[in-house]
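1. build me a structure from this.
(one chain, ligands or ions: 1)
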Amino acid sequence: MKILYAASEAAPFIKVGGLGDVAGALPKALCRAGDDVRVILPFYSAIPQHLKEQCTYRTNFYFNNAWRSQYCGIFEAEIDGVTYYLLDNQYYFDRPEIYGAFDDGERFAFFSRGVLECLPLIGFYPDILHCNDWHTALIPVLLDTQFRNRPGYGGIRTVFTIHNIEFQGKFDPYILGNVFGLSEDIKPILYYGDCINLMKGAIECSNRVTTVSRRYAEEIMSPPKSCGLEHILQARYWKVSGILNGIDTELFDPETDRRIAQNYNVDSLSLKIKNKNALQTELGLPVTNSVPLYGMVTRLTHQKGLDLITAKLDWLASQEVQVIILGTGDAKYEQFLREAAGRHPGNLRVCLAFDGDLAQRIYAGCDFFIMPSEFEPCGLAQMIAMRYGTLPIVHTTGGLADTVIPYNPEDKTGRGITFQSFHPEDFSNALWRALELFHNKPHFTKARKNAMEGDYSWGPSVAAYQALYREI
Ligand code: GLC
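-> Next comes the predicted model:
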């Protein structure tokens, strides 16, 4: 089967969040399973030079993004058996930031239209066009309203994946004609509430809608997690499903990971302590195994549960524990963490940075991984933590609920610690239960082994996507 996977970010080229990881890993896994999957993304100037050098210029053409005639260069690369197409336009993509510009609507409309316009030039008419999040949500709409009658486009089927329903691509109605180049009669497809809503249009026009976990697929059917789209989704529930993300189990393997102090596997779990000690040394914390080390690697936003951290970090740091938090994000949370670190110099470390290598040392070196997200469509960090035998402490929501089975000392099953309500007391209770588990060594070790033995690979999801593609 021929699949074109369109995304605003894809590792290794460019990665801002989990979408980039997924757009890097899923097409690779699908290719290995035998399908012809190609990825298309914008050619941002922020792509690292060594990767730009792997891209070959193929051709260029002009097309109209509404009334604006725009240049579009096509670059091509092959990495790990996957073909990538990168659409070039310096006016739109030579920016320091990937997202957040005043004209994001126009930038991603250019990209979306470019994806459809370039098919004859790349000579690839896919069976399936798989779009992701609001940046590519215009593609299924344009396909149905402006491209269907062109030769080669008639049979293309579309899948739209929601990685985060919070960002829907909402714009003032004037954008319809002026920027998207769509006529007024398309308005009912894209109009929702009092504005143009791209995600709503994609949900209507796509053959299938998926989200990145089963639980999230259920959650977005009603408020508040639906972020206003419940009526649209409920009316089309038959085409909505949840397929859990995986992680790259080769990249995230404690047995071979070169970024950590000591490699280990489930049979040599006792060696993991060397990573804890190395991390304590690096952070200037007392080197000891008599207290648990809690870690957190996150974007500092409300989604990730930072309000619970704000409420309970001082309490946690006043226990016999050590804590390391790594991340960047909203200024108010950064400020809080900076001050909190000042209040607890003996056992709390805060690193306000984006540091992939330190993240890895945290996954390997900690005893517990804190992830109290208010909502979490899938979440990748909890799976990485479990693969490294670090027990996640999570709010039972979305993909966290689907992947973190709470440890049950009765039958010794489960691989983490969960709390049900997004409330500071429920959260601190979970942190406390973790502390108790740490001091109950046989159970602690069993829970860690369970975590390490879990299957977090793309295998089951690849099969689910293949079945979905074939069905439509
Ligand atoms: C978004 C979601 C996250 C998910 C990721 C990849 O970043 O917030 O939960 O894991 O997309 O699908």
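2. hey, let's count contacts and neighbours off CA atoms from now on
-> Will do.
3. given the longest strand belonging to the chain, what are its sheet partners and their directions?
-> If you go by DSSP state E, the chain has its longest strand at strand 68-79. Neighbouring strands of strand 68-79 in its sheet, by DSSP bridges, are strand 56-65 (antiparallel), strand 82-88 (antiparallel).
4. would JSON lines of these with mean neighbour count be doable?
-> Below are those laid out as JSON lines (neighbours: other C-alpha atoms under 10 Å):
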{"stretch": "strand 56-65", "mean neighbour count": "15"}
{"stretch": "strand 82-88", "mean neighbour count": "22"}
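5. out of those strands, nearest to Pro224?
-> strand 56-65 (35.0 Å; C-alpha to C-alpha).
6. tell me the pLDDT at Asp248?
-> What the model reports as pLDDT for Asp248 is 89.
7. which ones are touching it?
-> Ala25, Ser457, Trp458 (C-alpha atoms under 8 Å, 6 or more residues apart in numbering).
8. you'd agree the second one is in a strand?
-> No. Secondary structure of Ser457 (DSSP: H, G, I helix; E, B strand; the rest coil): coil, not part of a strand.
9. how much space separates the spatially closest residue to it that is not a sequence neighbour from the ligand?
-> Counting by C-alpha to C-alpha, 6 or more residues apart in numbering, Ser457 lies nearest to Gly246, which is 4.9 Å off, once chain neighbours are set aside. Gly246 sits 9 Å away from the ligand, taking C-alpha to the nearest ligand atom, to the nearest Å as the criterion.
10. next, Gly246: phi, psi?
-> phi -110, psi -180 (degrees, to the nearest 10).
11. my guess is it contacts Gly454, does it?
-> No. Using C-alpha atoms under 8 Å, Gly246 is not in contact with Gly454; the gap is 11.5 Å.
12. coming back round to it: average pLDDT for the longest strand of the chain?
-> For strand 68-79, the mean confidence score works out to 97.
13. contacting residues around it?
-> By C-alpha under 8 Å, 6+ apart, strand 68-79 touches 43, 54-64, 83-89, 114.
14. format the strands paired with strand 68-79 as a markdown table; extra columns: mean pLDDT and distance to the ligand.
-> Shown next, in a markdown table, are those (pLDDT from 0 to 100; distance: least, C-alpha to the nearest ligand atom, whole Å):
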| stretch | mean pLDDT | distance to the ligand |
| --- | --- | --- |
| strand 56-65 | 96 | 28 |
| strand 82-88 | 98 | 19 |
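15. thinking again about what came up before, which among the contacts of Asp248 end up buried?
-> Ala25, Ser457, Trp458 (16 or more other C-alpha atoms under 10 Å).
16. mind listing the strands for the stretch 201-350 of the chain?
-> 208-211, 240-242, 293-300, 322-329, 348-351 (DSSP state E, counting those that start in this stretch).
17. the fourth one and the ligand, any residue contact?
-> The one in question is strand 322-329. No. Using C-alpha under 6 Å from any ligand atom, strand 322-329 never reaches the ligand; the gap is at least 14.0 Å.
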